[in-house]
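Asker: Quick one, structure for this:
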Amino acid sequence: MVLRHKGESALESMKQENFLNTLMSLQPAMQLAAEKLLHNESDAEDMVQETVIELWEKRNKLDHVLNLNAYAMQTVKNRCISLLRKSRNIATGNFELLDNMSDDAILAEAALIEERAAKLDRMMEQLPEVQREAVEMKYMKAMTHDEMQRQLGMSSTNVYTTLSRAISNLKTMMSHGR
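Answerer: Sure, this is the predicted structure:
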C-alpha cells in the first residue's frame, strides 16, 4: 500500500497505488523485453529497475499517457538501446530488429511464460513432499548440496537420488501434459 503524505487526498493515494500495481504487473514483460534486447539477465534487471524507478518518480507528470503499458515497454526498450549504444554492441543505426519487436508479442510471450510457470507449480504440488522440497532448495533457493543434506537430513547419495527422481517425475508429467 502506498502511504499518504500530509495533505494528499485519498483519491491521489489510490491513483498512486494503482500506478504502482500496474508497474509491478508489467515487470515480467519488461524483463523479457530487456533480456531479448541485451542478451544479459543482469543488465536487463538493471534496466527494468531503473525504468520502474524513473516512471515512479515521473508518475505525477504522466497524466498525458494514454497507455501506461505501452509507455513502460517503450521506456525500457529505449533504455536498452541507449545501453547498447554506449557499449557499442550494436552499430549505430542498426536497430531494425529492435523496432520490429511489438509490445503485444512481448506481452504474449510473457503470458506464455507465466502459464508455463503455473503449470510447473501444479506439477510440483503433485510431487512427494521430500522431492518437492529438494527441487525447491536446489533450483529456487539455490542451496548448495551440503546445505540440502543438512536440511533434509539425508546422505549425499539420497539427495542426488531424490533430485533425480523428482526431475524424472516432472519430465514424465510434462510429457503426459499434466
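Asker: Grab the longest helix from this structure for me.
Answerer: When the chain is parsed with DSSP state H, its longest helix is helix 10-38.
Asker: Packing partners of that helix?
Answerer: With contacts taken as 3 or more Cβ pairs under 8 Å, 6 or more residues apart in numbering; DSSP states H and E, helix 10-38 sits against helix 41-57, helix 68-87, helix 103-126. Where C-beta positions appear, they are placed from N, C-alpha and C, glycine not excepted.
Asker: Make a markdown table out of those helices and add mean pLDDT, mean neighbour count and distance to Met174.
Answerer: Shown next, in a markdown table, are the helices and strands packed on helix 10-38 (pLDDT from 0 to 100; neighbours: other Cβ atoms under 10 Å; distance: least, Cβ to Cβ, whole Å):
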| stretch | mean pLDDT | mean neighbour count | distance to Met174 |
| --- | --- | --- | --- |
| helix 41-57 | 88 | 16 | 24 |
| helix 68-87 | 82 | 18 | 31 |
| helix 103-126 | 77 | 13 | 7 |
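Asker: Using CSV, lay out those together with distance to Glu136.
Answerer: CSV is the format used below for these (distance: least, Cβ to Cβ, whole Å):
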stretch, distance to Glu136
helix 41-57, 21
helix 68-87, 30
helix 103-126, 8
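Asker: on that earlier part again, buried set for the longest helix of the chain?
Answerer: Neighbour counts using 16 or more other Cβ atoms under 10 Å place 16, 19-20, 23, 26-38 of helix 10-38 among the buried residues.
Asker: How far does that helix sit from its chain's centre?
Answerer: A distance of 11 Å separates the centroid of the chain from that of helix 10-38, by Cα atoms, centre = their mean, to the nearest Å.
Asker: got it, and stretch 54-66?
Answerer: Worked out by Cα atoms, centre = their mean, stretch 54-66 lies 22 Å from the chain centre.
Asker: got the end-to-end distance for it?
Answerer: 18 Å (Cα to Cα, to the nearest Å).
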